[in-house]
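In: Curious how this folds, go ahead:
(2 chains, ligands or ions: 1)
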Amino acid sequence: MSYDDVEIEDMEWNEELQAFTYPCPCGDLFQITKADLKIGEEIARCPSCSLYITVVYNPEDFQDSAPSQTLTSSKGAPAVKVS
Amino acid sequence: MEIGRCGGREVWSWGAGTHGQLACGTLVDALSPQRVEALCHAAPIVDMACGGAHVVVVFDSGGVATWGRGQAGVLGHGDETTTTVPRLVSSLHGIRITRAAAGWNHSAFLTDKGELYTCGDGAFGQLGHGNTESCLLPCRVEHLSSVCINMVACGMRHTLAMSITEGSPDASIVYAFGFNKRGQLGISTNSTSNGGNNKWRVLFPQKVDSLDMHGVTSVYANGDHSAALTGRGKLFLWGRGYNDSPDSPKPRLADMGLKLCQVSLGWRHGLALTENKEVFAWGNNGCGQLGVSQASPTSGTRTQESAANQHMKEQDEEQADETRQAQEQVLGVDFQKVETQGVGAVWISAGSEHSAAVLENGKVIVWGWAEHGQLGLGSLEDQDVPHIVSLATNKVASICEVNTRVYCGSGYTFVLL
Ligand SMILES: [Zn+2]
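Out: Reported below is the predicted structural model:
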């Protein structure tokens, strides 16, 4: 069962992992890549445990054909350009 | 670096350890308790705080040591290095720290003069410095420099700080800062700032007005949850709703008709200790973290309704006021009594998805999620009722006073003997 439903805007872009992340109760991070989001994947997994979350997002925001759009990463740091 | 003199307490750890959070010089999980040699020869520990994957200890000398995942400077060493053994926070040298708190990825330190320092991830404003920058070294929260802070608590992305005015304990003030999307700050956020998630970030400490004059003496936070306990043992809860019930952006009295003396919050559950040494739990029980066997889900339940009825009998005007608040129920909060092996409990601690308590006889009991060995029972099986952890110690427990303490982090556990 999904541990939680998390909105994409509450996830943080992690440059090192090249993935959107969210805290996992085991201490590691739930992760999902932009490529995953592009194909409509909505499960973000934790590499260290059996838990996973359901990512709530608009798949159109991650489609190649979608008009260029800016998604603010929750770091408030440089916005992630999705084109 | 040398941590200090001898004469300390025995320290044990177990559970998730891949970020060095067990302080044993390793990067692996431990399913059974292991003695933390680096701390057993240290100065006596007076406070401890376990976060997402980092730990803070405060020594009676006023010094502080940290270890674990160093991301965003959460360890306060001026860099982001992960360390698997305790390391003194040298930038706090000369400042006497008395208490500490640890969030998912930020740390808070209180000095003997009531000053608050924070470091680590500041992306949500949880450091209280007026920006979303991270701090690699502990920095004073200047915004609170005119008040004396007595207690601090860190959640996943938020912080609570409490100030008690000497001589008028009812006049305590609770401040909150950081992320407020789930109502965890207990204040209404005006959405005047720019879009996205920014509007939920409170960068400077704000007063939680609705707790004024309730005589709050302790604050607690974990995940997106917050809690406060009053001097008369009443519990206020706010933030993310329990069991999928709506979030509560305003502190609400969660009255079970019993006087509480300690509270500890997890990511989806909470624990409360009564003055009669009973333990109650509420929230999600998906991993057994409530410690109440599935067979009798309602046994030992104290609903707020019955507590309210009890209050109805009392004529005191103040009590009547509290009754009205109790009727604005905290949805999804259903207190269940934890069977603590027929022995009274003296201390409780909730991890993200597991729970622990210290009993009057000095034993440590654990229950809940065990995937990383965080129960220390040598297995990865979740437990829905409390079990005693066996510690191979030679230390003789004091008969007069139980000093044993247990501190749960996200997926790991520490015990001080
Ligand atoms: Zn995990």
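
In: in chain A, which residue is closest to the centre?
Out: The residue lying closest to the centre of chain A (C-alpha atoms, centre = their mean) is residue A:20, at 3.6 Å.

In: Give me the contact list for whichever strand or helix holds it.
Out: Per DSSP states H and E: residue A:20 is located in strand A:19-23. For strand A:19-23, contacts defined as C-beta atoms under 8 Å, 6 or more residues apart in numbering or on different chains pick out A:6, A:8, A:10-14, A:29-34, A:37, A:44, A:53, A:55, A:73, B:52, B:104-105, B:156, B:410. From N, CA and C alone the C-beta is placed, and that goes for glycine too.

In: redo that, cut-off 7 Å
Out: A:6, A:8, A:10-14, A:29-33, A:44, A:53, B:52, B:104, B:156 (C-beta atoms under 7 Å, 6 or more residues apart in numbering or on different chains).

In: Quick check: which element contains the closest residue to chain A within the stretch 301-417 of chain B?
Out: Proximity of the stretch 301-417 of chain B to chain A (C-beta to the nearest C-beta) peaks at residue B:352, 3.4 Å away. Per DSSP H and E: residue B:352 is located in neither a helix nor a strand.

In: if I read this right, it contacts residue B:265, doesn't it?
Out: No - at 9.8 Å, residue B:352 does not count as touching residue B:265 under the criterion of C-beta atoms under 7 Å.

In: overlap in contacts of these two?
Out: The contact sets of residue B:352 and residue B:265 overlap at residue B:223 (C-beta under 7 Å, 6+ apart).

In: more neighbours, the two?
Out: Between residue B:352 and residue B:265, residue B:352 has the larger neighbour count (other C-beta atoms under 10 Å in any protein chain shown), namely 30 against 24.

In: The residue in chain A that chain B sits nearest to: how many residues sit nearby?
Out: Nearest residue of chain A to chain B (C-beta to the nearest C-beta) works out as residue A:25 at 3.4 Å. Neighbour count for residue A:25, taken as other C-beta under 10 Å: 30.

In: And it, how far from residue B:395?
Out: 31 Å (C-beta to C-beta, to the nearest Å).

In: Same question for residue B:92.
Out: Counting by C-beta to C-beta - residue B:92 and residue B:395 are separated by 29 Å.

In: Kindly report the same for residue B:46.
Out: Distance from residue B:46 to residue B:395, by C-beta to C-beta: 18 Å.

In: who does the helix or strand harbouring residue B:159 pair up with?
Out: Taking DSSP H and E as the criterion, residue B:159 maps to strand B:158-163. Partners of strand B:158-163 in the sheet, by DSSP bridges, are strand B:151-154 (antiparallel), strand B:173-179 (antiparallel).

In: Tell me where the chain has helices.
Out: No chain in the question, so chain A it is. Under the criterion DSSP state H, helices of chain A are mapped to A:34-38.

In: switch to chain B, that's the one I care about
Out: Listed in chain order, the helices of chain B (DSSP H) span B:37-40, B:304-312, B:317-327.

In: Show me where chain A dips below the pLDDT cut-off.
Out: A:65-83 (pLDDT under 70).

In: Tell me where it has strands.
Out: Taking DSSP state E as the criterion, chain A carries its strands at A:5-7, A:12-14, A:19-23, A:29-32, A:43-45, A:52-56, A:69-71, A:80-82.

In: In JSON lines: these, plus distance to residue B:148.
Out: Shown next, in JSON lines, are the strands of chain A (distance: least, C-beta to C-beta, whole Å):
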{"stretch": "strand A:5-7", "distance to residue B:148": "38"}
{"stretch": "strand A:12-14", "distance to residue B:148": "34"}
{"stretch": "strand A:19-23", "distance to residue B:148": "32"}
{"stretch": "strand A:29-32", "distance to residue B:148": "37"}
{"stretch": "strand A:43-45", "distance to residue B:148": "42"}
{"stretch": "strand A:52-56", "distance to residue B:148": "40"}
{"stretch": "strand A:69-71", "distance to residue B:148": "42"}
{"stretch": "strand A:80-82", "distance to residue B:148": "42"}
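
In: Pipe those strands into CSV and attach distance to the ion per row.
Out: Compiled in CSV, those are given as follows (distance: least, C-beta to the ion, whole Å):
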stretch, distance to the ion
strand A:5-7, 14
strand A:12-14, 15
strand A:19-23, 9
strand A:29-32, 7
strand A:43-45, 8
strand A:52-56, 9
strand A:69-71, 25
strand A:80-82, 24
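
In: and of these, who's closest to residue B:269?
Out: Nearest to residue B:269, of all the strands of chain A, is strand A:19-23, at 16.4 Å by C-beta to C-beta.

In: Which of residue B:46 and residue B:395 has more residues huddled nearby?
Out: residue B:46 (17 against 12).

In: gap between stretch B:31-48 and the chain center?
Out: Distance of stretch B:31-48 from its chain centroid, counting by C-alpha atoms, centre = their mean, to the nearest Å, is 19 Å.

In: now do stretch B:16-31
Out: Stretch B:16-31 sits 21 Å away from the centroid of its parent chain (C-alpha atoms, centre = their mean).
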